[in-house]
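Visitor: when you get a sec, could you give me coordinates for this:
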Amino acid sequence: MISYKKSRAFTLIEILICISLLAIILSLSVVSLEPMIAALKERSPETTLKASVKRAFEEASYLGKEVALSFDYEKKSIVLREYESAKTICEFEFSEKLKAEIEIIFIPIYPNSISKNSKVVFNMAKNLNALRFSPDGSMTPAQIILTDGFIESVFLCDGFSPILLKNEK
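Guide: Numbering: from 1, shown residues only. Reported below is the predicted structural model:
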């Protein structure tokens, strides 16, 4: 009489079936997640602008050099460069749908004088080509106008914080 020992291991066929089932389940889940991943990649122009200002503050501090943030009118993107060498550090792209309509204007805000009631009067100068960020955490105080088609958003930079304050009209 032949006796068989019970094996505690999986057979090759059982392992192959499990692997093929896992592959099928993963392929279905990736296909269903594609729209969600695409939506996450497509950020609003406002979010892109805020992220670029924050990154400029961080890069100036990290590099220990002045950096400049500018808007490239040809590529329709925000460009972060070293101020002295003009070497590009990174670019912030807008979604393809909005690229044709995006425009960003940097207007410097310089304190002109202090009035009698101790309020600062600001002098709005001509537009800037770029905002400068220093390693000490300061930047050019400015008003940033972001136009995306018919929507115009105005942000204020106080010169010492990477947080943009939206100016509500």
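
Visitor: immediately after the helix or strand of the chain with the lowest mean pLDDT, which helix or strand?
Guide: Using mean pLDDT, DSSP states H and E, strand 120-124 stands out as the lowest-scoring helix or strand of the chain, at a mean of 52. Downstream of strand 120-124, the next assigned helix or strand under DSSP states H and E is strand 130-133.

Visitor: buried stuff in that following strand?
Guide: Buried residues in strand 130-133, counted by 16 or more other C-beta atoms under 10 Å: 130-133. The C-beta positions use only the backbone N, C-alpha and C, and glycine is treated the same way.

Visitor: farthest-separated two in those?
Guide: Within the buried residues of strand 130-133, 130 and 133 form the most distant pair, 9.6 Å apart (C-beta to C-beta).

Visitor: what do those two both touch?
Guide: 68-69 (C-beta atoms under 8 Å, 6 or more residues apart in numbering).

Visitor: residue 101 against residue 152, yeah?
Guide: No: if you go by C-beta atoms under 8 Å, residue 101 and residue 152 don't touch, sitting 11.2 Å apart.

Visitor: give the pairing partners of whichever strand or helix holds residue 70; include direction for each.
Guide: For residue 70, the host element (DSSP H and E) is strand 67-72. Sheet pairing here is set by DSSP bridges, and for strand 67-72 it gives strand 77-82 (antiparallel), strand 130-133 (antiparallel).

Visitor: may I see those arranged in CSV, with mean pLDDT and distance to residue 11 as well?
Guide: Output for the strands paired with strand 67-72, formatted as CSV (pLDDT from 0 to 100; distance: least, C-beta to C-beta, whole Å):
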stretch, mean pLDDT, distance to residue 11
strand 77-82, 88, 57
strand 130-133, 86, 64
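
Visitor: of all these, which one comes closest to residue 35?
Guide: Nearest to residue 35, of all the strands paired with strand 67-72, is strand 77-82, at 24.7 Å by C-beta to C-beta.

Visitor: where in this structure is pLDDT low?
Guide: 1-7, 31, 33, 37-41, 110-125, 167-169 (pLDDT under 70).

Visitor: report the contact partners of the residue nearest to residue 132 when sequence neighbours are not counted.
Guide: In this structure, residue 132 finds its nearest non-sequential neighbour in residue 140, 5.1 Å apart by C-beta to C-beta, 6 or more residues apart in numbering. Neighbouring residues of residue 140 by C-beta under 8 Å, 6+ apart: 106, 108, 128, 131-133, 157, 159.
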